[in-house]
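Here is the input, now give the coordinates:
(one chain, ligands or ions: 2)
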Amino acid sequence: METVRIALLGAGTVGGCLVELLGAHRGRLEAFGYRPELVSVLVRDAGKPRPGIPPHLLTTDPAAIAEADVLIEVMGGTKLAGELVLRALEADTPVITANKALLAERWGELRGYAEAGLLYYEASVMAGTPVIGALQSLWGNRLLELHGILNGTCNYILGRLEAGIPYAQALKEAQDKGYAEADPTLDVGGFDAAHKLTVLSRLTVDPDFAWEEVRANTRGIEHLTPELLDEARANGQVIRLVASLFPEGGRWVGKVRPVRLPASHPLALMGSVRNAMVCRTQEVGELVFSGAGAGGHVTASAVLGDLYRLVSGQPGHLPIPNALPLPDIRVEALEEA
Ligand SMILES: NC(=O)C1=CN([C@@H]2O[C@H](COP(=O)(O)OP(=O)(O)OC[C@H]3O[C@@H](n4cnc5c(N)ncnc54)[C@H](OP(=O)(O)O)[C@@H]3O)[C@@H](O)[C@H]2O)C=CC1
Ligand SMILES: N[C@@H](CC=O)C(=O)O
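Ligands and ions are numbered 1, 2, ... in the order given. The predicted model follows:
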């Protein structure tokens, strides 16, 4: 039996659930020949109660993170998380992360390690609904366009606004349920969906896809009112925050904005916190993925899935090796709201 020493960065919504799932999966991991052992847990406040985590493993000092066989980063942010993830990767320690902001914004530093198979990030987009691995499995296809509801918080808020709940209350509910980012402006401003779209773009069309370009094409949901949503409904439409990747003007464009969707559109059928993605490829045609896209256990299950991937000898998630040629097609027209 081999011991896998795990250094955990963050024990909040996702990290706390991961510790619980690790306990529940101990037997299965051992059947694989690996005994998981938490060796340190970085948090901001070591005094908070943390069920399942022996207090002596907690530290607030990044310099005190114990040596490990894998670093699991579920703390969020781009600065400290980035430094610690890079430090591990430089030492050839594989990293599992759910942090799409880090992946999107510090890709220049991370890309080489991702290409070397050291970076695992299934949880970063659509959380427990496995689209990262699925999109890699589609490399034998030519992607034509992709559209997704990638932020659970916004989808939840829009559903609650439609039900007549005020915006502030809907956001508070999403925070209480563990869906929102520590800074919810990332959600409602569209930036979280933009981070995720950037990650997907590098997996599918161009390993160099620039975060700044997606960011410049991003609008959120703050301006939406119950009246606008009602008016859309009266016209047989729903308004959703949609992230799209499509060819336009001789280049791939990544864009995030609220759009009016016919009520029968596959993306319009997703309720509450569900995420969904429609992609069209030349060979397979239209593919639809949908499922839970936020929440502690939902996300932790994907992080744990990456741990299984690691111990079973599979590499991390690789970006597409070179840029995909641009298809000459008509893309789906989505009306901005
Ligand atoms: N929640 C979700 O549904 C999803 C989240 N993610 C991603 O997973 C990551 C974690 O999210 P989530 O668990 O919701 O976040 P939380 O805010 O609930 O947890 C963050 C954890 O990291 C610790 N932490 C944060 N900053 C520091 C710091 N500077 N120094 C030491 N410890 C720190 C916090 O410590 P303390 O507990 O002491 O405050 C906390 O334990 C993020 O990158 C997020 O984008 C991805 C998919 C879905
Ligand atoms: N804040 C995010 C969490 C998952 O990535 C969301 O609401 O989708």
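
hey, let's count contacts and neighbours off CA atoms from now on
OK.

Could you report the distance from L269 to G77?
32 Å (Cα to Cα, to the nearest Å).

Remind me what the lowest-mean-pLDDT helix or strand in the chain packs against, helices and strands.
Ranking every helix and strand in the chain by mean pLDDT, DSSP states H and E puts strand 335-336 at the bottom, with a mean of 90. Counting contacts by 3 or more Cα pairs under 8 Å, 6 or more residues apart in numbering; DSSP states H and E, strand 335-336 packs against strand 251-262.

Flag every residue of the stretch 1-150 of the chain that's near ligand 1.
Proximity of the stretch 1-150 of the chain to ligand 1 (Cα under 6 Å from any ligand atom) is limited to residues 10-15, 42-45, 60, 74-76, 98-99, 123-124, 127.

check those against ligand 2, which are close?
Okay, of those touching ligand 2 (Cα under 6 Å from any ligand atom), that's A127.

Could you tell me which of the residues of the stretch 1-150 of the chain next to ligand 1 belong to strands?
Among these, the ones falling in strands (DSSP state E) are L42.

So among the residues of the stretch 1-150 of the chain next to ligand 1, which ones count as buried?
Buried residues within those, counting neighbours by 16 or more other Cα atoms under 10 Å: 10-15, 42-43, 74-76, 98-99, 123-124, 127.

Pick the one among those residues closest to E286.
A127 (21.7 Å; Cα to Cα).

next one: phi and psi at that closest one?
Note on A127: its backbone torsions stand at phi 50, psi -110 [degrees, to the nearest 10].

residues touching it, list them.
98, 292-295, 298-299, 302 (Cα atoms under 8 Å, 6 or more residues apart in numbering).

try I221
154, 188-190, 241, 257-258.

Which of those residues ranks first by neighbour count?
Counting neighbours by other Cα atoms under 10 Å, C154 comes out on top of the contacts of I221 with 31 neighbours.

Then that residue would be within a helix, right?
Yes. Assessed by DSSP: H, G, I helix; E, B strand; the rest coil, C154 belongs to a helix.

The closest residue in space to it that isn't next to it in sequence and ligand 1, how far apart?
Spatial nearest neighbour of C154, excluding adjacent residues (Cα to Cα, 6 or more residues apart in numbering): V188 at 6.0 Å. Going from V188 to ligand 1 by Cα to the nearest ligand atom, to the nearest Å gives 13 Å.

Also H317?
16 Å.

is it true that Y34 touches E2?
Yes. Using Cα atoms under 8 Å, Y34 makes contact with E2 at a distance of 4.8 Å.

does I239 belong to a helix or a strand, and which?
Secondary-structure assignment from DSSP states H and E places I239 in strand 237-248.

Give me the angle between that strand and strand 251-262.
Strand 237-248 and strand 251-262 are oriented at 160 degrees to each other (axes from the mean of the first three to the mean of the last three Cα atoms, to 10 degrees).

Which positions in strand 237-248 come out as buried?
237-247.

one step back: closest one of the contacts of A127 to R330?
The nearest member of those to R330, counting by Cα to Cα, is G293 at 29.0 Å.

Could you report the pLDDT at the closest one?
Listed pLDDT for G293 reads 94.

now do G271
pLDDT at G271 comes out at 72.

Next up, the contacts around whichever residue of the stretch 201-337 of the chain sits closest to ligand 2.
Residue of the stretch 201-337 of the chain nearest ligand 2, by Cα to the nearest ligand atom: A294 (4.2 Å). In this structure, A294 makes contact with 126-128, 151-153, 178-179, 273-274, judged by Cα under 8 Å, 6+ apart.

Pull out the buried members of those residues.
126-128, 151-153, 178-179, 273-274.

mind putting those residues in CSV, distance to E20 included?
Compiled in CSV, those are given as follows (distance: Cα to Cα, whole Å):
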residue, distance to E20
M126, 21
A127, 17
G128, 16
N151, 25
G152, 23
T153, 24
G178, 16
Y179, 18
V273, 22
R274, 23
